[in-house]
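**Q** Fold the following and give me the result.
(one chain, ligands or ions: 2)
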Amino acid sequence: MAPSFEDGNSLFNFVVRDGNGVKGMVDLGLSKVPQAYMQPPKERIVKEDSRKHGQPPIDLSKLDGPDHDEVAKEIVRAAETLGFFQVVNHAVPVDLLESLKDTAHNFFSLPPERKAVYRSEVSPTPLVKYGTSFVPEKEKALEWKDYISMQYTNDAEALEHWPVEIRDVALEFLRTSINMVRKLLEVLLGNLGVKPEDSMIDVLIDKKMVNMNYYPTCPDPDLTIGVGRHSDMGTLTVLLQDGIGGLYVKIEEDADFGKKGEWVEIPPIPGALVINVGDMLQILSNGKYRSAEHRVRTTSTKSRVSIPIFTIPKPTQKIAPLPQVVKKDGIALYREFVLIDYMKNFFGNAHDGKKSLDFAKIDAA
Ligand SMILES: O=C(O)CCC(=O)C(=O)O
Ligand SMILES: [Fe+2]
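**A** Ligands and ions are numbered 1, 2, ... in the order given. Next comes the predicted model:
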């Protein structure tokens with residue numbers, strides 16, 4: 001049944017509980033933003049205020065040649081400053097990137113009941129979850145976003161359980177990206193004094209997830225948010241965004257590309273992938289690498305898609321700053337914890353910038 005846009009409960013049930021998503025709501029014809037989606041002024045994104053991050057993308061093919069050290073330095077510097085960078089020549093075929101975006105649009109255009117079967121309450125598999133916003137039950141204002149999340153265990157299970165419409169391209173994206181993630185982590189961990197033979201890369205990327213985010217057009221992007229301020233929980237994120245733009249990152253300290261507290265837009269670059277540091281890498285590096293706070297603006301003209309791959313350690317893994325770094329720094333900024341406890345805290349609360357890291361922070365630090 002069509003909901004009343006004015007009645008918060010009726011709208012919530014239609015969008016969240018019945019699985020129609022923001023897409024279902026927008027498809028009914030919507031001339032103004034419903035109250036449930038109105039962000040408080042401090043969370044709104046004023047487009048005119050922000051600049052584009054002008055840093056050129058890093059050419060990853062050079063990691064295999066005589067320029068290795070120079071490129072490694074660029075990667076380390078980007079992880080230490082903004083926590084976000086773009087890469088090209090990453091070995092993920094550019095036509096696969098195009099197929100991924102088309103596939104995401106096609107999937108979210110399916111009738112609501114085809115997607116709603118993957119709502120967490122009813123999904124036939126714990127590996128696949130379709131939803132909307134982040135933690136709708138806990139949010140004061142909902143995010144203007146629908147998503148599908150696919151957890152990777154092995155190829156056979158992915159082929160069996162991931163939605164048939166998207167599984168092949170999603171799996172190919174994961175397969176072709178993971179080698180790049182390993183190379184980036186070799187560089188980043190190497191810079192922290194971790195020798196290749198001590199490398200625990202497999203442990204750090206044990207859990208992998210491919211998501212597809214869908215941001216339907218919004219009648220007034222100034223009032224809403226696609227994704228609220230957050231950092232990613234895991235080790236490294238690989239993100240494919242389309243050409244629409246709207247991904248903003250907060251600068252934590254004055255730098256040559258902007259001032260502390262300023263939001264810069266990560267501009268779409270055809271063929272490039274966005275890489276960002278997650279909370280786990282910030283903690284392991286004892287704060288050297290930055291899990292950057294980011295958020296997404298909605299658009300009024302065309303729906304936007306983005307496709308992140310999240311890499312995460314095993315949930316039973318104990319996490320703490322690396323001993324090599326603590327020894328050098330003389331102090332640990334984060335305590336040891338088991339990842340599952342961090343995850344419960346992260347996924348149990350609405351997005352609130354980098355507050356997720358407080359879970360592990362040592363107070364005096
Ligand atoms: O849509 C985007 O560009 C970013 C999405 C994001 O931050 C996320 O899924 O964690
Ligand atoms: Fe994110």
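**Q** For the helix or strand of the chain with the lowest mean pLDDT, which strands pair with it and how are they oriented?
**A** None of the helices or strands of the chain scores lower by mean pLDDT, DSSP states H and E than strand 51-52, at a mean of 86. Strand 51-52 sits in its sheet next to strand 263-265 (parallel), going by DSSP bridges.
**Q** Low-confidence bits of the protein, can you list those?
**A** Residues of the chain meeting the criterion pLDDT under 70: 1, 48-49, 364-365.
**Q** Taking it, what residue is nearest to ligand 1?
**A** For the chain and ligand 1, the shortest gap (CB to the nearest ligand atom) falls at residue 306, measuring 3.2 Å. The C-beta positions use only the backbone N, C-alpha and C, and glycine is treated the same way.
**Q** on that earlier part again, so what strands line up beside the helix or strand following the least confident helix or strand of the chain?
**A** Per DSSP states H and E, the first helix or strand lying C-terminal to strand 51-52 is strand 58-59. Paired neighbours of strand 58-59 in the sheet (DSSP bridges): strand 84-88 (parallel).
**Q** How about the strand it pairs with and ligand 1, any contact?
**A** No. Residues of strand 84-88 are not located near ligand 1 by CB under 6 Å from any ligand atom, the shortest gap being 10.3 Å.
**Q** One more: stretch 271-282?
**A** No. Judged by CB under 6 Å from any ligand atom, stretch 271-282 stays clear of ligand 1, getting no closer than 7.3 Å.
**Q** how distant is that stretch from the center of its chain?
**A** Its chain's C-alpha centre and that of stretch 271-282 lie 8 Å apart, by CA atoms, centre = their mean, to the nearest Å.
**Q** So for it, first residue to last residue, what's the gap.
**A** Taking CA to CA, to the nearest Å, stretch 271-282 runs 27 Å from one end to the other.
**Q** Now do the buried residues in that stretch.
**A** By neighbour count on 16 or more other CB atoms under 10 Å, the buried set for stretch 271-282 is 272-282.
**Q** contacting residues for residue 332?
**A** Shown in contact with residue 332 (CB atoms under 8 Å, 6 or more residues apart in numbering): 286, 320-321, 326, 362, 365.
**Q** Show only the entries of the residues you listed found in helices.
**A** Among the contacts of residue 332, the residues falling in helices (DSSP state H) are residue 326.
**Q** Now which of the contacts of residue 332 would you call buried?
**A** Neighbour counting with 16+ other CB under 10 Å marks 286, 321 as buried within those.
**Q** which one of the contacts of residue 332 is nearest residue 112?
**A** Using CB to CB, residue 320 comes nearest to residue 112 of these, at 43.9 Å.
**Q** So the closest residue to the closest one other than its chain neighbours versus residue 188, what's the distance?
**A** In space, and not counting its chain neighbours, residue 320 is closest to residue 336: 3.7 Å by CB to CB, 6 or more residues apart in numbering. Applying CB to CB, to the nearest Å, the value for residue 336 to residue 188 is 21 Å.
**Q** Let me know whether the residue nearest to residue 320 touches residue 322 as I believe.
**A** No. Checked against CB atoms under 8 Å, the pair residue 336 and residue 322 is beyond contact range at 11.5 Å.
**Q** How about stretch 237-245, which residues are buried there?
**A** Buried residues in stretch 237-245, counting neighbours by 16+ other CB under 10 Å, are found at 237-242, 244-245.
**Q** rewinding a little: more neighbours, residue 336 and residue 188?
**A** The residue with more neighbours, out of residue 336 and residue 188, is residue 188; 23 against 11, by other CB atoms under 10 Å.
**Q** Contact partners for the more buried one?
**A** Applying CB under 8 Å, 6+ apart, we find residue 188 in contact with 75-76, 79, 281, 285, 289.
**Q** let's see it at 6 Å
**A** For residue 188, the contacting residues are residue 79, by CB atoms under 6 Å, 6 or more residues apart in numbering.
**Q** Okay, and it sits in which element?
**A** Assigned by DSSP H and E, residue 188 belongs to helix 167-191.
**Q** Run the chain-centre distance for the next helix or strand after that helix.
**A** Going down the chain from helix 167-191, the next helix or strand is helix 201-204, by DSSP H and E. Computed by CA atoms, centre = their mean, the chain-centroid distance of helix 201-204 equals 19 Å.
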